[in-house]
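*Asks:* My questions are about this predicted structure, shown below with the sequence.
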Amino acid sequence: MSFVLKAAVGEPAQRASNPAVVDTVAAVIADVRANGDDAVRKYSEKFDGWSPESFRLSEDQVAEIVKSVPETVLDDLRFAQRQIRNFAQAQRDSIQDIEVETLPGVFLGHRNVPIDAAAAYVPGGRYPLTASAHMTVLTAKVAGVERVAATTPPNAGEAPPISVAAMHLAGADEIFVLGGVQAIAALALGTDTIDPVSILTGPGNAFVAEAKRQLFGEVGIDLFAGPTETLIVADDHADPFTIAVDLLSQAEHGPDSPCVLITTSEAVGRATLDHIEALLPGLVTNAIAGPAWRDHGQVHIVDTLAEAYTLADKFASEHVQILTEDPRQALTSMRNYGALFLGEGTCVPYGDKLIGTNHVLPTLGAANYTGGLWVGKFLKTLTYQEVRNLDTSAQLGEICGRVSRLEKFEGHARSGDLRAAKFGNAPLAW
Ligand code: NAD
């Protein structure tokens with residue numbers, strides 16, 4: 001019989017935005033729209049205590065910061081970026097332009113054209129999320145975006161060196177040290193000193209995610225990539241210690257980060273609970289991971305793996321790890337998740353930091369309708385058509401006239417009538 005061994009006791013994160021966050025974000029955006037750079041500086045001072053001469057780093061500043069990063073660290077960043085670039089390039093190569101002849105002499109096609117300018121937000125409030133630079137900047141560059149403006153909040157009162165180095169190595173064309181709504185609004189709307197972009201990308205906290213939501217339409221966005229979520233599906237082959245360690249690896253993202261275990265084995269569920277309690281005190285991020293686990297951790301015991309996959313699909317979690325005898329089953333049994341991690345050989349932090357798949361992933365149910373960030377999000381699929389056979393154009397024209405008049409569009413109908421007359425025998429009746 002299925003039952004809940006540990007339920008979440010905290011209020012679950014809401015899919016609709018928190019009204020206080022909505023209001024704060026709307027006020028900042030309105031101010032940046034009206035007062036440009038002055039408003040950007042005002043909110044950067046207010047929220048981050050940060051007011052440098054220029055929010056954009058000069059080439060000399062970037063070079064100096066990169067020089068301050070130890071070579072071994074740069075080597076690790078280069079390793080991670082190679083993996084992410086290689087996978088992004090393979091994905092880019094899989095996207096084809098097409099052209100087909102659908103009727104005699106009728107050619108329809110599409111081309112995948114990169115967006116001209118993209119913003120890459122690299123979070124940095126709680127931790128400097130350096131790996132987000134690889135995920136956003138590199139992916140945009142592989143897609144062919146000409147101008148990538150990367151931005152990250154200050155950390156402890158200075159430009160976070162490793163994130164800046166990662167942005168630079170990934171090929172960012174402009175690097176800003178500016179965080180939160182003020183950064184998102186400035187890059188979306190443009191100011192006297194910051195040129196606007198066409199799409200906002202990257203993860204962020206509730207303020208950043210809400211700013212992207214409010215600006216969507218004026219600019220594009222990649223997806224709603226908010227506070228991290230994780231879920232593990234396990235059977236009786238799974239190692240409870242590994243499950244415990246891996247759940248806590250994501251609980252430390254934030255005190256509201258949901259961590260869910262769904263297992264067919266009550267023994268695995270109970271042992272995992274014990275391991276988590278034993279591990280938490282020794283985790284230096286215990287102050288965040290502890291409340292996340294206690295308030296939002298869940299353990300569900302189910303009868304069958306089929307039930308486990310159905311329940312996991314309902315969560316539509318950002319990350320789903322499969323620790324079962326045959327993990328690949330999940331590829332065909334599940335449809336709602338940001339990214340799948342199959343088997344004990346991998347783990348969510350591999351995906352977060354270096355393995356090559358993108359870590360900017362849908363949260364709060366967005367996995368019901370989208371996957372994560374990838375090169376395709378930086379491309380516009382633009383269609384075109386040509387009718388070279390004018391007999392076919394005459395036939396299309398006759399039908400176009402009739403179907404347009406069904407909708408009372410006389411102007412549309414006449415464009416069809418004209419071709420039916422010009423290239424065929426139909427008389428013009430107007
Ligand atoms: P962040 O850079 O997103 O936010 C920091 C900024 O928030 C600050 O610069 C500040 O300007 C602004 N801010 C803070 N308090 C504010 C307030 N009261 N009013 C207005 N603005 C305020 O960094 P973070 O806070 O560490 O959040 C990063 C988030 O990204 C985490 O929630 C993490 O889980 C998430 N994340 C998600 C994914 C994904 O793909 N879904 C990937 C990585 C990280």
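*Replies:* Structure's in. What do you need?
*Asks:* what does the stretch 251-400 of the chain put close to the ligand?
*Replies:* Counting by CB under 6 Å from any ligand atom, the stretch 251-400 of the chain comes close to the ligand at 253, 254, 318, 359, 360, 361, 363. Heads up, the C-betas are built off the backbone N, CA and C, glycines and all.
*Asks:* Please identify which pair of those lies farthest apart.
*Replies:* Spanning the widest gap among those are 254 and 360, at 16.0 Å by CB to CB.
*Asks:* Give the partner strands of the helix or strand harbouring residue 4 in its sheet and their orientations.
*Replies:* With elements taken from DSSP states H and E, the one containing residue 4 is strand 3-6. According to DSSP bridges, strand 3-6 forms sheet pairs with strand 297-301 (antiparallel).
*Asks:* Please tell me how far the longest helix that the chain contains is from the chain's geometric centre.
*Replies:* Ranked by residue count and defined by DSSP state H, the top helix of the chain is helix 19-48. Centroid separation for helix 19-48 versus its chain: 23 Å, with CA atoms, centre = their mean, to the nearest Å.
*Asks:* Packing partners of the helix or strand just after that helix?
*Replies:* Next in sequence after helix 19-48, counting helices and strands by DSSP H and E, comes helix 59-68. Contact here means 3 or more CB pairs under 8 Å, 6 or more residues apart in numbering; DSSP states H and E; on that basis helix 59-68 packs against helix 161-170.
*Asks:* Secondary structure and distance to residue 204 added to the residues of the stretch 251-400 of the chain next to the ligand, as a markdown table?
*Replies:* Output for those, formatted as a markdown table (DSSP: H, G, I helix; E, B strand; the rest coil; distance: CB to CB, whole Å):
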| residue | secondary structure | distance to residue 204 |
| --- | --- | --- |
| 253 | coil | 12 |
| 254 | coil | 12 |
| 318 | coil | 14 |
| 359 | coil | 13 |
| 360 | coil | 10 |
| 361 | coil | 13 |
| 363 | coil | 11 |
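*Asks:* mind listing what residue 43 touches?
*Replies:* 28, 31, 32, 180, 181, 182 (CB atoms under 8 Å, 6 or more residues apart in numbering).
*Asks:* And the residue nearest to residue 283 when sequence neighbours are not counted, what's its pLDDT?
*Replies:* Setting aside the residues directly before and after it, residue 283 is nearest to residue 289 in space (CB to CB, 6 or more residues apart in numbering), at 5.6 Å. Residue 289 is assigned 94 on the pLDDT scale.
*Asks:* what residues does the helix or strand harbouring residue 289 touch?
*Replies:* For residue 289, the element it lies in under DSSP H and E is helix 286-296. Identification of contacts with helix 286-296 by CB under 8 Å, 6+ apart yields 8-10, 12, 126, 247-248, 251-259, 276, 280, 283.
*Asks:* Show me these that map onto strands.
*Replies:* In strands, defined here by DSSP state E, the members of these are residue 259.
*Asks:* how about residue 343, what does it touch?
*Replies:* Contacts for residue 343 (CB under 8 Å, 6+ apart) come out as 322, 323, 327.
*Asks:* so residue 183 makes contact with residue 151?
*Replies:* Yes - with contact defined as CB atoms under 8 Å, residue 183 counts as touching residue 151 (4.6 Å).
*Asks:* List the residues that are in contact with both of these two.
*Replies:* Contacts common to residue 183 and residue 151, judged by CB under 8 Å, 6+ apart, are 121, 176.
*Asks:* on that earlier part again, the helix holding residue 289: which residues count as buried?
*Replies:* For helix 286-296, burial by neighbour count (16 or more other CB atoms under 10 Å) applies to 286, 288, 289, 290, 291, 292, 293, 294, 295, 296.
*Asks:* and the gap between the last one and the ligand?
*Replies:* What it means is residue 296. 12 Å (CB to the nearest ligand atom, to the nearest Å).
*Asks:* Please report how far that residue lies from residue 3.
*Replies:* Going from residue 296 to residue 3 by CB to CB, to the nearest Å gives 19 Å.
*Asks:* re the thing from before, most neighbours, which of the residues of the stretch 251-400 of the chain next to the ligand?
*Replies:* When neighbours are taken as other CB atoms under 10 Å, the top entry among these is residue 318 (30 neighbours).
*Asks:* Assess the claim that that one and residue 230 are in contact.
*Replies:* Yes - taking contacts as CB under 8 Å, residue 318 lies within contact range of residue 230: 7.0 Å.
*Asks:* related to what we said a few turns ago, could you dump the contacts of residue 343 into CSV and include neighbour count and pLDDT?
*Replies:* CSV is the format used below for these (neighbours: other CB atoms under 10 Å; pLDDT from 0 to 100):
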residue, neighbour count, pLDDT
322, 29, 98
323, 24, 98
327, 20, 98
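*Asks:* Specify which member of these is nearest to the ligand.
*Replies:* The closest of the contacts of residue 343 to the ligand turns out to be residue 322 (CB to the nearest ligand atom; 19.3 Å).
*Asks:* Backbone torsions only: list them for the closest one.
*Replies:* In terms of degrees, to the nearest 10, the main-chain angles of residue 322 are phi -110, psi 110.
*Asks:* Contacts only, for it.
*Replies:* So residue 322 contacts 232, 233, 329, 330, 340, 341, 342, 343 (CB under 8 Å, 6+ apart).
*Asks:* Filter those down to the buried ones.
*Replies:* Buried subset of the contacts of residue 322 (neighbour count, 16+ other CB under 10 Å): 232, 233, 329, 330, 340, 341, 342.
*Asks:* Excluding sequence neighbours, find me the nearest residue to the fifth one.
*Replies:* Taking CB to CB, 6+ apart, and ignoring the residues beside it in sequence, residue 340 has residue 320 as its nearest neighbour in space, at 5.4 Å.
*Asks:* beta partners of the one you found?
*Replies:* Beta-bridge pairing for residue 320 (DSSP bridges): residue 231, residue 340.
*Asks:* Could you tell me which ones among the contacts of residue 43 also sit near the ligand?
*Replies:* Taking CB under 6 Å from any ligand atom as the test, the ligand is in contact with 180, 181 out of the contacts of residue 43.
*Asks:* between the contacts of residue 43, which is nearest the ligand?
*Replies:* The closest of those to the ligand turns out to be residue 180 (CB to the nearest ligand atom; 2.4 Å).
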